[in-house]
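# Sharing a model that was predicted from the sequence below.
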Amino acid sequence: MEDDTRLTIHAGDIEIDMIGGQSEIEGRLTRIKEDGQWDLLLEQIKVAVAKSKISNNAVEGLSERGRIFRAMIENCNLDSKPDQVLASIHYLRSSEGIDDCPPRVIEKIFEDAGLERPGNLSLYLNRLRERGLLEIPANKGDKNRYAILSYEGRAHLESRSHS
């Protein structure tokens, strides 16, 4: 009796997930190669590697903080400035442990990442609060610099990273 083997491959929109004995897995792989799905999978991997090289070249010269934040923005497909502002607060609070995020701190992380700064940051923060994506703890008054992501804000960022 063969031990169960598991093979999971996910590249782009192609996903292969198999469980079974080694000979069963090998047979399934042979069929996948014969029907051309394997070639599509390899092409997806080549595209991902090429994009990675482009992305890595684009961030040369950035600080470590800037590279990490930029990668977060790119990997989560955060194209809109409000989503990027939300992500900056999340990053500063969860990754760097910063409690007080005045506008200059948020603008600096955009600069460190080589991204265009948000124009009117107060407007972005107020709109994100109105949408329920940010909240300010009661003991901090009504100052945007103490804004934290609400449950809805975290869920929104999570949903953007899967789209």
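On my side now, so go ahead.

# what does stretch 154-163 rub up against?
Stretch 154-163 has contacts (Cβ atoms under 8 Å, 6 or more residues apart in numbering) with Asn75, Cys76, Asn77, Leu78, Asp83, Leu86, Ala87, His90, Leu133, Leu149. The C-beta positions use only the backbone N, C-alpha and C, and glycine is treated the same way.

# and that stretch, how far from the chain's centre?
Offset of stretch 154-163 from its chain centre (Cα atoms, centre = their mean, to the nearest Å): 8 Å.

# returning to that earlier point: quick one: the contacts of stretch 154-163 as a markdown table, columns for pLDDT and neighbour count too.
Formatted as a markdown table, the contacts of stretch 154-163 follow (pLDDT from 0 to 100; neighbours: other Cβ atoms under 10 Å):
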| residue | pLDDT | neighbour count |
| --- | --- | --- |
| Asn75 | 81 | 10 |
| Cys76 | 81 | 18 |
| Asn77 | 84 | 12 |
| Leu78 | 90 | 19 |
| Asp83 | 94 | 18 |
| Leu86 | 95 | 25 |
| Ala87 | 93 | 21 |
| His90 | 91 | 17 |
| Leu133 | 95 | 24 |
| Leu149 | 91 | 20 |
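
# isn't Ser88 right next to Glu111, touching?
No: counting by Cβ atoms under 8 Å, Ser88 sits too far from Glu111 to count as a contact (11.1 Å).
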